[in-house]
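**Q** When you get a sec, could you give me coordinates for this:
(one chain, ligands or ions: 3)
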Amino acid sequence: MVVLSQPALNQFFLLKTCKPTPLFAGIPVVDLTDPDAKTHIVNACRDFGFFKLVNHGVPLQFMANLENETLGFFKKPQSEKDRAGPPDPFGYGSKRIGPNGDVGWVEYLLLNTNPDVISPKSQFIFREGPQNFRAVVEEYIRAVKNMCYEVLELMAEGLGITQRNVLSRLLKDEKSDSCFRLNHYPPCPEVQALNGRNLVGFGEHTDPQIISVLRSNSTSGLQICLTDGTWVSVPPDQTSFFINVGDTLQVMTNGRFKSVKHRVLADPTKSRLSMIYFGGPPLCEKIAPLPSLMLKGEESFYKEFTWWEYKKAAYASRLADNRLGPFEKSAAD
Ligand SMILES: C=C1C[C@]23C[C@@]1(O)CC[C@H]2[C@@]12CC[C@H](O)[C@@](C)(C(=O)O1)[C@H]2[C@@H]3C(=O)O
Ligand SMILES: O=C(O)CCC(=O)C(=O)O
Ligand SMILES: [Fe+2]
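**A** Numbering: from 1, shown residues only. Ligands and ions are numbered 1, 2, ... in the order given. Got it, this is the predicted structure:
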């Protein structure tokens, strides 16, 4: 990515004045090998929509392999990377996020997670990319998906649902509409001259899917919004995963879990690399509160919709929009 002068930064990127947010020590930590993991998962999803997962069983070597290969891709000349774009929705993108005018200090690759439906653009990326790229992406995704199924099965148990696979089956389905994102936030030395203002790497938003599984290098930048509206910085941990509740899981739990609002700020000196698996249901899946969770007489807070309908609306929205708003039932419904 090119270096921009300060006036150019001011013009092009959404800069916000915000107080420094110290690293937050209260992020819930779930140990996947803990016999009480299911309870901790449910409590964390209820109170934060977010948690850190340790002892997850995904080999650290898979993370390191993917990080190395990905850095190899982002180090290529801009003209070569651009040949893997635009991200419509899959492919290479730089500074522009989504189709509706959002921008950020980030470059990224968006990929489909289903190796059978690998898009021509992804094939191109893997053919032109670093030597081993496709192999390490697939190795990583396979391991993360399996770990994610376990998290969702523990979540169902923790919610008191007897059908353990009620959530995981949606991601295991061969038609699951999941995707994978590799984000690179180059260091931005100009940030230091911004008088306490921050440069947005990836603007505030919630993830539309069921669940997101994030791993980053040791550069901070990720922030989450707590239920009282305060933003806190997540201490990075390159050996762990961070799990986000997505909008779809909020609906499926009838609001018991809330999708977490999050964002990334650019760092003046260090580059951040993150890899995120977004687990979504099949396009035709009806999204509604899980019947096995609903108490007697409890009504859904949401109109019924399919994932395809929600996804279509999401891709017509701006990053910071409240995407679930139009799907909430009003008094008249
Ligand atoms: C501005 C946008 C980018 C996004 C599609 C959208 O119109 C609204 C949701 C955004 C988001 C956030 C989570 C994931 O990073 C993502 C891939 C997704 O599924 O929804 C992005 C979309 C994107 O970058 O295309
Ligand atoms: O890159 C990150 O750390 C988070 C990015 C993110 O929230 C997203 O891609 O949806
Ligand atoms: Fe996100």
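
**Q** hang on, Val144 in a strand?
**A** No. Using DSSP: H, G, I helix; E, B strand; the rest coil, the assignment for Val144 is helix, not a strand.

**Q** can you tell if stretch 82-102 touches ligand 1?
**A** Yes. With C-beta under 6 Å from any ligand atom as the criterion, ligand 1 is reached by stretch 82-102 at 89, 97-98, 100, 102. C-beta: built from backbone N, CA, C; applies to glycine.

**Q** For these, pick the one with the most neighbours.
**A** Ile97 (23 neighbours; other C-beta atoms under 10 Å).

**Q** Backbone dihedrals for it, both of them.
**A** The phi/psi pair for Ile97 (degrees, to the nearest 10) reads phi -120, psi 120.

**Q** can you pull out the helices in the stretch 1-150 of the chain?
**A** 6-12, 37-47, 60-74, 78-82, 120-128, 133-158 (DSSP state H, counting those that start in this stretch).

**Q** show me the contacts for the residue positioned nearest the centre of the chain.
**A** By C-alpha atoms, centre = their mean, the chain has its centre lying nearest to Ser212, at 4.5 Å. Neighbouring residues of Ser212 by C-beta atoms under 8 Å, 6 or more residues apart in numbering: 243-244, 246, 276-279.

**Q** Keep only the residues you listed that also lie close to ligand 1.
**A** Phe278.

**Q** so can I have JSON lines of the contacts of Ser212 showing pLDDT?
**A** Shown next, in JSON lines, are the contacts of Ser212 (pLDDT from 0 to 100):
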{"residue": "Ile243", "pLDDT": "99"}
{"residue": "Asn244", "pLDDT": "98"}
{"residue": "Gly246", "pLDDT": "98"}
{"residue": "Ile276", "pLDDT": "98"}
{"residue": "Tyr277", "pLDDT": "98"}
{"residue": "Phe278", "pLDDT": "98"}
{"residue": "Gly279", "pLDDT": "98"}
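
**Q** ok, so of the contacts of Ser212, who is nearest ligand 2?
**A** Ile276 (5.1 Å; C-beta to the nearest ligand atom).

**Q** quick one on the thing from earlier: what about the residues of stretch 82-102 next to ligand 1, which are in strands?
**A** 97, 102 (DSSP state E).

**Q** Could you export the residues of stretch 82-102 next to ligand 1 as CSV, including pLDDT?
**A** Shown next, in CSV, are those (pLDDT from 0 to 100):
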residue, pLDDT
Pro89, 86
Ile97, 96
Gly98, 96
Asn100, 95
Asp102, 94
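
**Q** can you tell me which of the contacts of Ser212 lies nearest to Lys81?
**A** Distances from Lys81 to these, taken as C-beta to C-beta, are shortest for Ile276 (19.0 Å).

**Q** burial count for that closest one?
**A** 21.

**Q** what helix or strand does it sit in?
**A** Assigned by DSSP states H and E, Ile276 belongs to strand 272-279.

**Q** Get me the contact residues on the stretch 101-250 of the chain for ligand 1.
**A** Near ligand 1, when you scan the stretch 101-250 of the chain using C-beta under 6 Å from any ligand atom, you find 102, 110, 179, 181, 205, 207-208.

**Q** before we move on, the earlier item: name the nearest of the contacts of Ser212 relative to ligand 1.
**A** Phe278 (5.5 Å).

**Q** ok now do the closest residue to the closest one other than its chain neighbours, which residues does it touch?
**A** Spatial nearest neighbour of Phe278, chain neighbours left out: Gln209 (4.5 Å); criterion: C-beta to C-beta, 6 or more residues apart in numbering. Shown in contact with Gln209 (C-beta under 8 Å, 6+ apart): 178, 246-248, 278-280.

**Q** so Gln209, which of the three states?
**A** Applying three-state DSSP: Gln209 is coil.
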